[in-house]
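**Q** Sequence plus predicted model, see below.
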Amino acid sequence: MAGKRVLVLASNYGIWAEELQAPWDALRKAGHLPTLATRLGKKPLPIVVSMDPEFVDPMQNAKVNTPEVVQRTKQLLDGPEWASPIKLADAKMSDYDAVVIVGGPGASLDLVGNANVHALVLDAVKAGKLVGALCYGVGALAFTRDPDRDSKSVIYERTVVAHPHEWDFTFDMNYPLYGATADNPGTDITTTGFMFPLQRMVEDAVGPKGRVISDATANREKPCTAVDHPFVTGLSVESSIAFGAALVNALAK
């Protein structure tokens, strides 16, 4: 099987490290050809806490970053693979076989409501190409509307995974980046929790005949993904490896 050309969309305002690292490495290991794109054409940097192996998620009361993931992400940040993303506005779906939107708190700021992202997703859906989304990246699918289906979401009546509302932060949060520079500083915005309640938004988008899986008991031993062609979706950081495997399996068909 020839390697597929996969456009990977990531935030300039804070990825969750493993949510890019795991699917990226899975695609590369399978022989596919991922191309990274960000809104600003700058390296996607992780939220600081996603690079801390001692960080305990306050909603899950568990450590969510393994030392191995942190070390591997440092290699990718220091190497050439993530160094020179293309700009989202310059990407054309005709150049790729699939598109994948990765998560992290920053995805809510520059990917989910981004018209360029919506155009890429709609083009992929119309062409029958695979569309993957992880964690808060799934929000971009909810906002991508199909004018040929009365402007309903492209995931209307589909089965998808969404980050559980029980896991949504409720405190004021900001977006400090690991490896930030003067040229790539991220943002100093503060929000109360995430920008929107993803599970509720996706439930509205799929409609009464669709299904949203938001398993708040998911963990590394019990990850949560869904495949409903052309969509592959994953829950959150604990499901990043399973999400990468699901992408590879779907691309093999």
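**A** Everything's here; your move.

**Q** what about D183, how many neighbours?
**A** D183 has 8 neighbours, counted by other Cβ atoms under 10 Å. (Glycine included, C-beta is placed from N, CA and C.)

**Q** what's the closest non-adjacent residue to it?
**A** Nearest non-adjacent residue to D183, counting by Cβ to Cβ, 6 or more residues apart in numbering: K42, 7.3 Å away.

**Q** cool, and I213?
**A** According to Cβ to Cβ, 6+ apart, the nearest residue to I213 is V161 (4.8 Å).

**Q** Then F231?
**A** V131 (5.3 Å).

**Q** okay, now the residue nearest to I213: neighbour count?
**A** For V161, the neighbour count with other Cβ under 10 Å is 31.

**Q** Quick one: residues contacting it.
**A** V138, V212, I213, S214, C224, T225, A226, T233, G234, L235, S239 (Cβ atoms under 8 Å, 6 or more residues apart in numbering).

**Q** how many other residues sit next to G79?
**A** 9.

**Q** and the closest residue in space to S11 that isn't next to it in sequence, what does it touch?
**A** Leaving aside its chain neighbours, S11 sits nearest to G106 (3.3 Å; criterion: Cβ to Cβ, 6+ apart). Applying Cβ under 8 Å, 6+ apart to G106 gives the contacts S11, N12, Y13, G14, I15, I47, Y175, G186, T187.

**Q** Report the buried members of those residues.
**A** S11, N12, Y13, G14, I15, I47, Y175, G186 (16 or more other Cβ atoms under 10 Å).

**Q** Farthest pair within these?
**A** Within the buried ones among the contacts of G106, two members stand farthest from each other by Cβ to Cβ: N12 and I47, at 12.0 Å.

**Q** circling back: quickly name whichever of the contacts of V161 is closest to V102.
**A** Closest to V102, out of all of these and judged by Cβ to Cβ, is G234, at 9.3 Å.

**Q** Okay, and the beta partners of the closest one?
**A** With DSSP bridges as the criterion, the beta-bridge partners of G234 are L134, T225.

**Q** The contacts of G106 into a markdown table, with extra columns for distance to K87 and pLDDT?
**A** Shown next, in a markdown table, are the contacts of G106 (distance: Cβ to Cβ, whole Å; pLDDT from 0 to 100):
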| residue | distance to K87 | pLDDT |
| --- | --- | --- |
| S11 | 13 | 98 |
| N12 | 10 | 98 |
| Y13 | 15 | 98 |
| G14 | 18 | 97 |
| I15 | 17 | 98 |
| I47 | 22 | 97 |
| Y175 | 20 | 96 |
| G186 | 17 | 97 |
| T187 | 18 | 96 |
